[in-house]
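Enquirer: Need coordinates for the following:
(one chain, ligands or ions: 1)
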Amino acid sequence: MKLYRFEYEGALRWGREDGAGRLRLLDGDPFAGFRDAASSVALASVRLMAPVHPSKVVAIGLNYKDHAAEQGKPVPAEPLMFLKPPSAVIGPGATIEIPTWAGRVDHEAEMGLVIGTTARDVKDAAAGRAHILGAVCVNDVTARELQGKDVQYTRAKGFDTFCPVGPCLATGLDYDNLRVTGRVNGEVRQKSRTDQLIFDASYLVWFVSRVMTLLPGDIISTGTPAGIGPLAAGGVVEVVVEGGGVLRNPVT
Ligand code: MG
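Expert: Numbering: from 1, shown residues only. This next block holds a predicted model:
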């Protein structure tokens with residue numbers, strides 16, 4: 001199911017894709033539960049918001065072998081975690097704003113896992129799986145030169161607008177075998193599958209939950225495959241996770 005969050009008649013609403021480019025409005029939300037409302041609306045007629053409002057975005061670095069190689073880094077023995085602040089999150093269609101002083105800024109196409117139920121110190125990966133509600137496309141936008149200067153990633157990964165998420169929250173997918181694609185101005189730059197992840201979806205929920213409590217709506221962004229590259233003002237960047245729609249954002 002593809003669940004969207006959008007503005008409708010002055011309020012924030014959820015809807016599910018209902019065929020033929022329409023959204024069935026929902027009463028409730030994907031975390032507390034929902035049911036169909038009476039009305040539907042054309043998908044193209046609403047302003048989409050990021051489908052989640054996370055308390056944190058936990059991102060995983062170097063989780064594809066080919067990307068570790070292009071960065072000249074060894075494959076980590078354990079997942080490499082860092083945080084992107086919630087203030088960096090923007091929705092589909094919103095503009096990625098690159099400060100003039102930030103140097104080279106790259107796209108990173110990633111599958112994001114959305115947590116459905118509170119996960120704290122879960123007992124194993126299988127138990128971790130049960131906390132995943134769905135997947136989102138994430139662009140882990142990165143100021144590459146600043147990343148190289150700093151010991152940790154807070155500055156390079158934390159700018160406002162550096163975490164596009166969306167366009168929908170997709171449930172019922174096989175998180176272990178989805179195509180992940182990154183495109184810039186229509187040209188494919190990144191192409192892989194989540195079966196290439198070094199640490200898979202279930203393992204990551206277990207691993208992160210041993211460190212910090214994951215709350216409903218939190219995102220674990222699972223890392224990017226090879227093919228990262230710079231973004232330029234005036235361009236358009238897209239992240240596509242199979243079954244999760246197309247996350248498209250202009251750059252300024
Ligand atoms: Mg990344």
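Enquirer: Tell me which stretches of the stretch 1-150 of the chain form helices.
Expert: Along the stretch 1-150 of the chain, counting by DSSP state H, counting those that start in this stretch, helices occupy 65-70, 125-129, 144-149.
Enquirer: Counting neighbours, what do you get for Trp206?
Expert: Trp206 is flanked by 21 other residues according to other C-beta atoms under 10 Å. (Glycine included, C-beta is placed from N, CA and C.)
Enquirer: now do the one 10 residues further on
Expert: Pro216 has 19 neighbours, counted by other C-beta under 10 Å.
Enquirer: For it, which three-state class applies?
Expert: coil (DSSP: H, G, I helix; E, B strand; the rest coil).
Enquirer: Show me the shaky parts of the stretch 51-200 of the chain.
Expert: Low-confidence segments of the stretch 51-200 of the chain (pLDDT under 70): none present.
Enquirer: Kindly report the residues of it close to the ion.
Expert: Contacts of the stretch 51-200 of the chain with the ion, taken as C-beta under 5 Å from the ion, map to Glu108, Asp140.
Enquirer: Now do the same contact list for the closest residue to the ion within the stretch 51-200 of the chain.
Expert: The ion sits closest to Asp140 of the stretch 51-200 of the chain, with a gap of 3.4 Å, by C-beta to the ion. By C-beta atoms under 8 Å, 6 or more residues apart in numbering, the contact list for Asp140 reads Ala59, Lys84, Glu108, Glu110, Lys157, Phe162, Cys163, Ser221, Thr224.
Enquirer: most surrounded residue in the residues you listed?
Expert: Highest neighbour count within the contacts of Asp140: Thr224, with 30 neighbours (other C-beta under 10 Å).
Enquirer: With adjacent residues omitted, what lies nearest to that one?
Expert: Distances taken as C-beta to C-beta, 6 or more residues apart in numbering put Glu108 closest to Thr224, at 3.7 Å, once the chain neighbours are dropped.
Enquirer: How is the protein partitioned into domains?
Expert: 2-48, 57-250 (automatic domain parsing).
Enquirer: What is the burial count for Val52?
Expert: Applying other C-beta under 10 Å, we find 27 residues neighbouring Val52.
Enquirer: Phi first, then psi, for the closest residue to it other than its chain neighbours.
Expert: Ranked by C-beta to C-beta, 6+ apart and with sequence neighbours excluded, the top spatial neighbour of Val52 is Gly217, at 4.6 Å. Phi and psi for Gly217, reported as degrees, to the nearest 10, are phi 100, psi -10.
Enquirer: okay, which residue is most central for this structure?
Expert: The chain has Val138 as the residue nearest its centroid, 2.5 Å off, counting by C-alpha atoms, centre = their mean.
Enquirer: bridging residues for that residue?
Expert: Glu110, Val165 (DSSP bridges).
Enquirer: residues in contact with it?
Expert: Neighbour list for Val138: Val57, Glu110, Met111, Gly112, Cys163, Pro164, Val165, Ile219, Ser221, Val239, Leu247 [criterion: C-beta under 8 Å, 6+ apart].
Enquirer: ok, so what distance separates Asp121 from His67?
Expert: 29 Å (C-beta to C-beta, to the nearest Å).
Enquirer: most tightly surrounded among the domains of the chain?
Expert: Comparing the domains of the chain by mean neighbour count (mean count of other C-beta atoms under 10 Å), domain 57-250 comes out on top with a mean of 19.
Enquirer: And that domain, end to end?
Expert: Chord length of domain 57-250, first to last residue, is 21 Å (C-alpha to C-alpha, to the nearest Å).
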